[in-house]
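Chemist: My questions are about this predicted structure, shown below with the sequence.
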Amino acid sequence: NNLQISRKNDNELIYVLYAGSLDVNLRNPIYLLKLFNTDLLKQSNIKLDLYSFGNCQHIIDKFKKSLNNSLSDYGRVPYEEICIAMKNCNILITIGNNSDNEVPSKLFEYLSYCKPIIHLYYSDKDSYLEYLKSYEYSLCIKMDDNKLEENSKAFYDFCKKYQYIDIKYNVIENIFKACTPGYVAKQFNDIILKNRGL
């Protein structure tokens, strides 16, 4: 069986984690913080761990007082520390770029941790959407202020559903085979051999 969901105490904390750069124009955390500022998430057992750097500290600081029980802001820490935190959290969060022409490599790093993923995005052309539609343990939320309460409920329901899920690596590998190092290396190898006439 590739999936196991263990039943634990419902009051146990659920840790969702964002790690990476933040930028006021390109990758802004304000919608994520607004989600956590809704009554539903503020009163829940879902906690947000931020491991971030960039020019958005003033935005995070603005929400700290109202989110004091549900937000831990660690700032920039050594990569090894982030790896441990990602391994130990329940759910990972990505925030899409406010541009349509890039596929940030962070998605593939996140997938390697075999965790559910919540992706916040600006545009329907967001490059992550194509990848995540085949990953059933993902939730994609368009950052729309008019749907804040609705999105907060979807976020909450997803966290509750998948908080204890154990996703096996071979499940990820099968879905994203074309993104694995072995597959990519084989493509390069085949091209080199073909060009040598072998």
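Modeler: Cool, got the structure.

Chemist: Got the phi and psi for Lys87?
Modeler: With angles defined as degrees, to the nearest 10, Lys87 sits at phi -70, psi -30.

Chemist: Next up, the contacts around the residue lying closest to it once chain neighbours are set aside.
Modeler: Among residues not flanking Lys87 along the chain, Tyr113 sits closest, at 6.3 Å (Cβ to Cβ, 6 or more residues apart in numbering). From N, CA and C alone the C-beta is placed, and that goes for glycine too. Tyr113 makes contact with 86-87, 92 under the criterion Cβ atoms under 8 Å, 6 or more residues apart in numbering.

Chemist: Of these, grab the buried ones for ChimeraX.
Modeler: Of the contacts of Tyr113, the buried ones can be selected in ChimeraX as follows, counting by 16 or more other Cβ atoms under 10 Å:
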select :86,92
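
Chemist: Now that we have the contacts of Tyr113, can you turn them into a markdown table and tack on pLDDT and distance to Ser66?
Modeler: As requested, the contacts of Tyr113 are arranged in a markdown table below (pLDDT from 0 to 100; distance: Cβ to Cβ, whole Å):
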| residue | pLDDT | distance to Ser66 |
| --- | --- | --- |
| Met86 | 95 | 26 |
| Lys87 | 93 | 29 |
| Leu92 | 96 | 24 |
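
Chemist: Does the residue nearest to Lys87 belong to a helix, a strand or coil?
Modeler: Here Tyr113 is recorded as coil under DSSP: H, G, I helix; E, B strand; the rest coil.

Chemist: any idea how far it is from Lys106?
Modeler: Tyr113 is 11 Å from Lys106, where distance means Cβ to Cβ, to the nearest Å.

Chemist: Which stretches in the protein count as strands?
Modeler: For the chain, strands defined by DSSP state E occupy the ranges 3-5, 14-22, 46-54, 71-73, 91-95, 117-121, 138-142, 165-167.

Chemist: so can I have JSON lines of the ones you listed showing distance to Lys194?
Modeler: Formatted as JSON lines, those follow (distance: least, Cβ to Cβ, whole Å):
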{"stretch": "strand 3-5", "distance to Lys194": "40"}
{"stretch": "strand 14-22", "distance to Lys194": "37"}
{"stretch": "strand 46-54", "distance to Lys194": "43"}
{"stretch": "strand 71-73", "distance to Lys194": "51"}
{"stretch": "strand 91-95", "distance to Lys194": "36"}
{"stretch": "strand 117-121", "distance to Lys194": "36"}
{"stretch": "strand 138-142", "distance to Lys194": "36"}
{"stretch": "strand 165-167", "distance to Lys194": "36"}
